[in-house]
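Visitor: Return a 3D structure for these sequence lines:
(2 chains)
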Number of protein chains: 2
Amino acid sequence: MERVYNFAAGPAVLPLEVLTRIQRELLDCGGTGMSVMEMSHRSRKFEEIAAEAEKLLRELLGVPGNYRILFVHGGATMQFSMAPLNLMRRSRKADYVVTGEFAKKAAQEARKFGTVRIAASSEGRNFACIPPLPAFSRDADYVHITANNTIYGTRYASYPTTDAPLAADMSSCILSEVVDVSRFGLIYAGAQKNIGPSGLCLTIIREDLLGFAPASTPVLLDYRTYADNASLYNTPATFAIYAAKLVFEWLKAKGGVAVIERINQEKAKILYDFLDDSSLFKGTADREFRSLMNVTFVLPTEELTARFLSEAEAVGLVNLKGHRAVGGVRASIYNAMPAEGVAALVDFMKHFEIKNDR
Amino acid sequence: MERVYNFAAGPAVLPLEVLTRIQRELLDCGGTGMSVMEMSHRSRKFEEIAAEAEKLLRELLGVPGNYRILFVHGGATMQFSMAPLNLMRRSRKADYVVTGEFAKKAAQEARKFGTVRIAASSEGRNFACIPPLPAFSRDADYVHITANNTIYGTRYASYPTTDAPLAADMSSCILSEVVDVSRFGLIYAGAQKNIGPSGLCLTIIREDLLGFAPASTPVLLDYRTYADNASLYNTPATFAIYAAKLVFEWLKAKGGVAVIERINQEKAKILYDFLDDSSLFKGTADREFRSLMNVTFVLPTEELTARFLSEAEAVGLVNLKGHRAVGGVRASIYNAMPAEGVAALVDFMKHFEIKNDR
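Guide: I've put the predicted structure just below:
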């Protein structure tokens, strides 16, 4: 068995140590004589797993005591509905910053529930940057941003200061760098990039924002349902929570988020430095806003792009194709992508450039 | 490593062959060099897995061509909201038959979206039976039933004939016995009993019922979102779909649903026959409505019940405690529970009875 270097944008690479542990425990988790998948979500053993996952996440992100951590169904897309349903609590107005496809989808979904103002957009620049941020609406119930743009390879260089609660989709950057949680009202992240298997969404919400969803809100779309029941109102995605716990343990053993941030910066620098010097490859994101997690670039022709992707795949550098909405190349280098994988990619790009420089 | 016999109501026992296969493929699924958890949901390999899962389910259940199979987020509880949101399309009225806690919860949730009439209830009999069914409302948009009641150990001996589309929660009995899908408008089942890991819900809907959700419906609560995008509008629970496919393959290799139904009847008969002859143990469900999947019974005192549960656990017969709402004992004997497990349980009960008969 030979493992590839998997640059997929999500579901994405997981730490080999975590996968090996899952494999080892698959028929007998912690001496219970059963797989974690077979375990009642109300068993003591599973409650321990879920509590430990929450505790580790709180520790890793430095989540303050007045914030709740929820394990929610359905990924970030479910949050596109849940954020407005729960946070549009006074004016029913919200400001959205549109920095990519998912930001657009979030804003579009929110229109179902109230008034959405696009406070700023970088669509005119094909989302190559985070746009300058204007003053936000005085009466907005919240301001929504997408912290890292998986498709376009951009991220906020710094987060805006807002009067209204700041809500952030951190699906593709959570746990990749130190964040001051207290600056946010709501943070959510689909698990399938930096956390674990898909079908689970981590949500961190300031306690005073709970309890405002209208009575007609579907029960599993009200954050309070999760907050009041330790995320066990109904059967959660138990296996995904277990895997997330193992990823959190792995991250803690690495030294935590500050350490992984340094590693991530080093990994990204290798790639971006090469792109900046290259005559063949060209980065697409403005330097100031370059993502640490998703590195996007192009080659001069579609023919060369196709050849690059196919030759890379042949040597075990896979899933480098850019998102279907933009084309080109994208290397997603989440926490679990080892530095060796990035080095192997850059090495391959160097050789490809020499072979194909004209 | 010694595997126990796990009688949990869900998440529940999975076939050992399936777990072993998952374990074998965990670092390298089908020669891809990656775990199925690391695979893009838009990769050819994963699309094959999802398509094969759907095809197998269609074959196993004999799902007619005018029905769609959807992989939905969030378990049956999400369906308690989705069924009314999507099916209340004319009168916004629905009839609910209340045969247990989950049926009650389904009816309660539906009240958020329209008028709910409780057509019949067995609550007065502590849910020991399926109540006689009256005429349903002439103008109901649908009739909702819970096919098998996990907590109380009852099931429909036969399904009602209705003018309005019949919607059924089959979470704890799907694939356990032959069902004529064409008699239903909607069938849904949380995966964690007879299908696979939790966090996934299988939904089967007649095509002509799609497309009626109000414009304000959260995008992932509209069945059409899943139907129009082959359940890939956003990232689905990929690992759970993969595991479900393996369970479907296992079931097909066993001979399919008709064969497993016979095995299930035999397994249940061993337990019920013993209960009927026992002087110590007493079944709680009316004979006519006894579930094939969840066998509920009581002992004369709480002290004996506690001793029974603890001694059973000591010999590897685990998770026999009745639901916290009712107490007593419950043996969930889903498809994946081998006949040997049921035999071991009955054998243990016989010895316990001899030891404790007064």
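Visitor: and A:Arg125, how many neighbours does it have?
Guide: Residue neighbour count, defined by other Cβ atoms under 10 Å in any protein chain shown, stands at 14 for A:Arg125. The way it works is simple: take the backbone N, C-alpha and C, and place the C-beta from them, glycine included.
Visitor: so who does it touch?
Guide: Counting by Cβ atoms under 8 Å, 6 or more residues apart in numbering or on different chains, A:Arg125 makes contact with A:Pro131, A:Asp286.
Visitor: and with 10 Å instead?
Guide: A:Thr99, A:Pro131, A:Tyr152, A:Thr154, A:Asp286 (Cβ atoms under 10 Å, 6 or more residues apart in numbering or on different chains).
Visitor: Could you check the pLDDT of it?
Guide: According to the predicted model, the pLDDT of A:Arg125 comes to 95.
Visitor: Okay, it and A:Thr99: tell me how far apart.
Guide: Here the criterion is Cβ to Cβ, to the nearest Å. By it, A:Arg125 lies 10 Å from A:Thr99.
Visitor: Pull up the overlap in contacts between the two.
Guide: A:Pro131, A:Tyr152, A:Thr154.
Visitor: in the sheet, who's paired with the last one?
Guide: I take that to be A:Thr154. Residues in a beta bridge with A:Thr154, per DSSP bridges, are A:Asn149, A:Arg290.
Visitor: how far away is it from A:Phe80?
Guide: For A:Thr154, the distance to A:Phe80 - Cβ to Cβ - is 19 Å.
Visitor: now do the first one
Guide: Using Cβ to Cβ, one gets 20 Å for the distance from A:Pro131 to A:Phe80.
Visitor: List the buried residues of stretch A:30-42.
Guide: For stretch A:30-42, burial by neighbour count (16 or more other Cβ atoms under 10 Å in any protein chain shown) applies to A:Thr32, A:Gly33, A:Met34, A:Ser35, A:Val36, A:Met37, A:Glu38, A:Met39, A:Ser40, A:His41, A:Arg42.
Visitor: Likewise for stretch A:84-97?
Guide: Neighbour counts using 16+ other Cβ under 10 Å place A:Pro84, A:Leu85, A:Asn86, A:Leu87, A:Met88, A:Arg89, A:Lys93, A:Ala94, A:Asp95, A:Tyr96, A:Val97 of stretch A:84-97 among the buried residues.
Visitor: Show me where chain A dips below the pLDDT cut-off.
Guide: A:1, A:358 (pLDDT under 70).
Visitor: picking that back up, neighbour-wise, which one of the contacts of A:Arg125 leads?
Guide: Most neighbours among those, by other Cβ under 10 Å: A:Tyr152, with 30 neighbours.
Visitor: Look up the closest residue to that residue, ignoring the ones flanking it.
Guide: Nearest non-adjacent residue to A:Tyr152, counting by Cβ to Cβ, 6 or more residues apart in numbering or on different chains: A:Phe127, 4.1 Å away.
Visitor: Check A:Leu232 too.
Guide: Using Cβ to Cβ, 6+ apart and skipping the chain neighbours, the partner closest in space to A:Leu232 is A:His41 (5.9 Å).
Visitor: residues in contact with that neighbour?
Guide: Counting by Cβ under 10 Å, 6+ apart, A:His41 has contacts A:47, A:49-50, A:231-232, A:234-238, A:241, B:8, B:10-11, B:192, B:198.
Visitor: Check for me that it belongs to a strand.
Guide: No. Under DSSP: H, G, I helix; E, B strand; the rest coil, A:His41 falls outside any strand and is assigned coil.
Visitor: and the gap between it and A:Gly199?
Guide: 14 Å.
Visitor: repeat for A:Leu61
Guide: Noted for A:Leu61: a distance of 21 Å to A:Gly199, by Cβ to Cβ.
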